[in-house]
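Visitor: any chance you could fold what I've pasted below:
(chains A and B)
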Amino acid sequence: MTRFVVRRLLSIVPTLWVIVTITFFLIRLAPGGPFVSEREIPAEAKAALSAKYGLDQPMHVQYFRYLTNVARFDFGPSYKFPSRSVREIILGALPTSLELGGLALLFALVIGIPIGAIAAMRQNSAWDHVPMGFAMLGVSIPNFVLGPLLIFVFALTLRWLPPALWGGLSHKILPVITLSAIYVAYIARLTRGGMLEVTRQDFIRTARAKGLPEWRIVVRHALRGGLLPVVSFLGPAVARAVTGAIVVEKIFAIPGVGQYFVNAAFNRDYTLVMGVVIFYAGFLILFNMIVDVMYGLLDPRVQME
Amino acid sequence: MGLESTAGKRGALVIALALATGISVPRLAARGEARAVVAPPPGGASAIANASTSSPKPQARSFGRSHPADPRVFRFTNGTEPEVLDPALMSAQSDGRIARGIFEGLTTEDPRTLDPLPGMATSWDISTDGLKYTFHVRHGALWTNGDAVTARDFEYSWLRVLHPDTPARYADIFYVIRNARAYKKKEIIDAQQVGIRAANDSTFVVDLATPTPYFMQLVSYYPFLPVHKATVEAFGDRWTRPEHIVTNGPFRLGVHKPNDRIELVRDPAYWDAVHVRLDRIILYATEDLSTMLNMYRAGMTDWNPSGYLPAQYVPYVRDYNDFRSGAYLGTYFYSFNVTQKPFDDVRVRRALASAVDREKIVKYLLYDSKTPWGGIVPPGFEKYPYPQGVVFDPEKGRALLAEAGFPGGKGFPKFEILFNTSQDHRKIAEAIQEMWKRELGVDVSLSNQEFASYMKATVGLQYQVARRSWIADYKDPNTFLYMLRGGDGNNRSGWTNARFDSLVTAAGAEMDPARRMRTLAGAEQIALNEMPFLPIYAYRTVELVAPYVRGWYPTALDNHPLKYLWLERVAGTGGGR
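Guide: Below is the predicted model:
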């Protein structure tokens, strides 16, 4: 087990290196540079800036310098926001992204699992068709449609909730629902599918034969096995909920990491783009690894090798 | 300076929903004649409130709140997260708003006319030849750390902008000062030769290269704001962080939560603090235009500034009593790359310009939120003798095109209109594409690029026709013509005209105001005859200002000095929430 974890942790390094390298050169291939503005910066100043950030050096020198800095967790200053370092920017926005993504997933689990379980236990009844119909909708409605819709109804028409900004509980409801809709849908469907498969198996029949009450069969036996697909979905889902909230962050003006991701690319803020990409990649890899470990814990058939 | 107004599809959806349900569409209330008269701002004469150039409708409902949430706190959305808070380095109007709230220059702006008022300088003398400006710096004005503000602060700050290593986008605006340009270009090393000097702690002397009649308009611009030397030198790029920054304006920087908000707090030690009525100003860093409008609608903000209200929203908000629209010194135009055939032929450029129906574009695509305009210098300069602009005359366009060797558009090479991503830019480009096809038989395709790629193409002259815009930096026609001189970094058309350049230069040295305006108009006439820049419309401001906001006036540069603002409950306005 420990060996497995250590090996997986070590494998992160080459993966990240490949990602860093590709991003490093790709962003520099994009036309324009970090010091472009509608009002021209005098050539002298542009030269001074390039020298300051080492952008006047040959590409391979820049690349190796960047690699050494990254190895020391130094991601450099942001070109666009010179008063802050890339690390400060990401760490400053991270708690918000974690909170938003975490709440959305939590909400999705709390709503999605019971719905999926009930649908499975009452297969082909209205308890199955209605929630699964909604789940279909949840998967298909993009959040840039759902968000404004919720804002229109709950913020602008009913005036129950604020339409934007990140603050107290009332600020969190709409963005969390918007972000979690797709996960509620996935989790409900995965739970249902997993449960249906499990309930057909012998050990459930044995449990029934033993005369266990139905709720106990569901909670103790069926759910445990039925949740495996949900667990494997959860790893990428956590990563996606945290890193993929770009649109929700924008609609609700939430100061998370996602806002920086898109803008940094548009601004050719090389260091910030790199920083966010490394962070996102690391986060995704880490959570996929956690899933693998969890899988082993939940299903004794999976061997850690 | 450029304007980027992007309206996302999400906004369209909100509007569509509003249309479908009829909820946010204003009921067109009876248009009252009465205008609310309010108390004058400090030092001013009595004024008409809501004095926008569109007729005010005090009887109508507000799109946003009708009563302040907290009368001591003014809140507004200020676009994307500010890049820098260092006034020497910034170049965005939204960043300038913050800088002018926390720093104060030699002069401040009159909230109505934007004419210079005493700021850190109590008075100033101008020599008879117009070359020497002597500013008398206020005694007792303090930095937030307790240091006195002196003439030496201005000497340091202005020379800092001009230092060759300072990435100041607005350095060129200082070039009217003696040797400023040479110092920036490293032609001289000694800063003492630059016409910027503190004679003593209270006397700041500026020597100009040429008499510059609009120099006092320049001085109130944010690159001229002072910074605190010891702080800048101690903290480098990080000196603007809330824990380090030292300022001298009516407000100090309280909170800075990146991508969320900036809070400015009234500074009781500010020399004119008795006239500052707001305790706090909250500027939300909000990027999405629909989000901003939602926030205003929900009463979370008191002002939705111009530039953040795309044309497509105007029909839905213009009949509310908090909608404001007024002249704004800016021009939207296309530039031709005159280094490429066939755009090197003036007849081709004029033919294409004659086939653009500006009235139609403004009326149907922009909902009259702009002014159709065939000139480069926008309306609003009373003393400027405007030359005849280009008019919609397709007949003439066809004749010119035939003369240039392309009768009925035959043989005209395929070319592209380049614009950066924005719904409004696209709509206009599509309309012009259609007009050129219909009137001249010329085929043009559209090329949409994101901003950095678009900039690279225009600066590098890798385009045929490109969307451009220019917003006045200061209140003088010179700001629109100066940048069109041959070789200027903001010209970006490859066009050079010696006569034009010499007229603009001559105007810069002309002391007689009327003659100066005539000279500038003469230069504009040349540019219009040569038509390297195809004018389309003049900007107007469109914004939402809550009815209880006082001390806010429509101004030609869309500046609204925060110092003079206050909030007041309005009696008898409907639609309260």
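
Visitor: so how far is B:Glu430 from the residue nearest in space to the middle of chain B?
Guide: The C-alpha lying nearest the average C-alpha coordinate of chain B belongs to B:Ile471 (C-alpha atoms, centre = their mean; 4.6 Å). Taking C-beta to C-beta, to the nearest Å as the measure, B:Ile471 falls 24 Å from B:Glu430. (C-beta placed from N, C-alpha, C; glycine too.)

Visitor: tell me what whatever helix or strand B:Phe419 lives in is packed against?
Guide: Element membership for B:Phe419, per DSSP states H and E: strand B:415-420. Applying 3 or more C-beta pairs under 8 Å, 6 or more residues apart in numbering or on different chains; DSSP states H and E, one finds that strand B:415-420 contacts helix B:423-440, strand B:444-449, helix B:451-459, strand B:465-471.

Visitor: show residues contacting it.
Guide: B:4, B:334, B:425-426, B:429, B:432-433, B:444-451, B:454-455, B:457-458, B:463-467 (C-beta atoms under 8 Å, 6 or more residues apart in numbering or on different chains).

Visitor: secondary structure class for B:Pro535?
Guide: Put simply, B:Pro535 is strand when judged by DSSP: H, G, I helix; E, B strand; the rest coil.

Visitor: quick one: contacts for the closest residue to B:Phe103 other than its chain neighbours?
Guide: Once flanking residues are discounted, B:Phe103 sits nearest to B:Leu225: 4.1 Å by C-beta to C-beta, 6 or more residues apart in numbering or on different chains. By C-beta under 8 Å, 6+ apart, the contact set of B:Leu225 is B:87-88, B:99-100, B:103-105, B:157.

Visitor: 7 Å instead?
Guide: By C-beta atoms under 7 Å, 6 or more residues apart in numbering or on different chains, B:Leu225 lies in contact with B:87, B:99, B:103, B:105.

Visitor: tell me which element the last one falls in.
Guide: Spelled out, that is B:Gly105. Here B:Gly105 is covered by no helix or strand, with elements defined by DSSP H and E.

Visitor: run a quick neighbour tally on it.
Guide: Counted by other C-beta atoms under 10 Å in any protein chain shown, the residues lying close to B:Gly105 total 26.

Visitor: then the second one?
Guide: Under the neighbour criterion other C-beta under 10 Å, B:Ala99 is assigned a count of 25.

Visitor: how close does it get to B:Thr144?
Guide: According to C-beta to C-beta, B:Ala99 and B:Thr144 sit 14 Å apart.

Visitor: equivalent analysis for the third one, please.
Guide: Noted for B:Phe103: a distance of 10 Å to B:Thr144, by C-beta to C-beta.

Visitor: which of these two has more neighbours?
Guide: Between B:Phe103 and B:Thr144, counted using other C-beta under 10 Å, the more crowded position is B:Phe103 (27 against 18).

Visitor: doesn't B:Gly249 make contact with that one?
Guide: Yes: between B:Phe103 and B:Gly249 there is a contact at 4.7 Å, judged by C-beta atoms under 7 Å.

Visitor: which stretches of chain B have low pLDDT?
Guide: B:1-59, B:570-577 (pLDDT under 70).

Visitor: all good on my end, thank you.
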